[in-house]
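S.K.: Predicted coordinates and the sequence they were generated for:
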Amino acid sequence: MLIGRMQMETTDIRRCTVDFGKSWLDPGEQLTGTTAPLVELMGAWVPGPYPSYPDNVVPNPVLPEDPTPLELENWIVLPDKKKLQMFLAEGTPGNFYRVSFVATGSSGRAQTVEIIMSVKHAPTG
């Protein structure tokens, strides 16, 4: 499930909070865990309109150079057991990354979650 597209600058440490209580968990259900988020360099961009991914991905068989890959600094299920929070840093300007993980609820259901992150140059001056 693609839940969002975000943008950050190379100098940012970006906090991303995913609230499963609003969109996926049943009333009274809680997150029981997640897999470690996986950060992958994308060789394609999804041109639009949301949420068309992955139906109209523009293929690019060659991955771009990635001298400063996007890094997962930390992630945690918050105490309310309805939200996952993660911190992302770095990233090569102009590149796109997929951050994905699997969340599990107390009902036993599991959901794969994806966020697309684009990185732009930090402003100068």
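M.R.: Right, received. Where do you want to start?
S.K.: Every contact and neighbour count from this point should use C-alpha atoms.
M.R.: Noted.
S.K.: Distance check, Phe96 against Asp80.
M.R.: As judged by CA to CA, to the nearest Å, Phe96 and Asp80 stand 31 Å apart.
S.K.: Pick out whichever of these two has more residues nearby.
M.R.: Counted by other CA atoms under 10 Å, Phe96 and Asp80 do not tie: Phe96 has more neighbours, with 25 against 10.
S.K.: Which positions in the helix or strand hosting Glu114 come out as buried?
M.R.: Taking DSSP states H and E as the criterion, the element that holds Glu114 is strand 110-120. Along strand 110-120, these residues count as buried under the neighbour rule (16 or more other CA atoms under 10 Å): Ala110, Val113, Glu114, Ile115, Ile116, Met117, Ser118, Val119, Lys120.
S.K.: which other residues reach that strand?
M.R.: Residues from elsewhere that reach strand 110-120 (CA atoms under 8 Å, 6 or more residues apart in numbering): 1-10, 91-104.
S.K.: go again using 6 Å as the cut-off
M.R.: The contact list for strand 110-120 (CA atoms under 6 Å, 6 or more residues apart in numbering) reads 1-9, 93-104.
S.K.: From these, list the buried ones, please.
M.R.: Neighbour counting with 16+ other CA under 10 Å marks 2, 5, 8-9, 93, 95-104 as buried within these.
S.K.: on that earlier part again, now, which of the contacts of strand 110-120 lie within strands?
M.R.: Cross-referencing these against strands under DSSP state E gives 2-9, 96-104.
S.K.: Between all of the buried ones among the contacts of strand 110-120, which two are separated the most?
M.R.: The largest distance within the buried ones among the contacts of strand 110-120, taken as CA to CA, falls between Pro93 and Thr104 and amounts to 32.9 Å.
S.K.: Show me what the helix or strand of the chain with the lowest mean pLDDT is packed against.
M.R.: Ranked by mean pLDDT, DSSP states H and E, the weakest helix or strand in the chain is strand 2-9, scoring a mean of 86. Secondary-structure packing of strand 2-9 (3 or more CA pairs under 6 Å, 6 or more residues apart in numbering; DSSP states H and E): strand 110-120.
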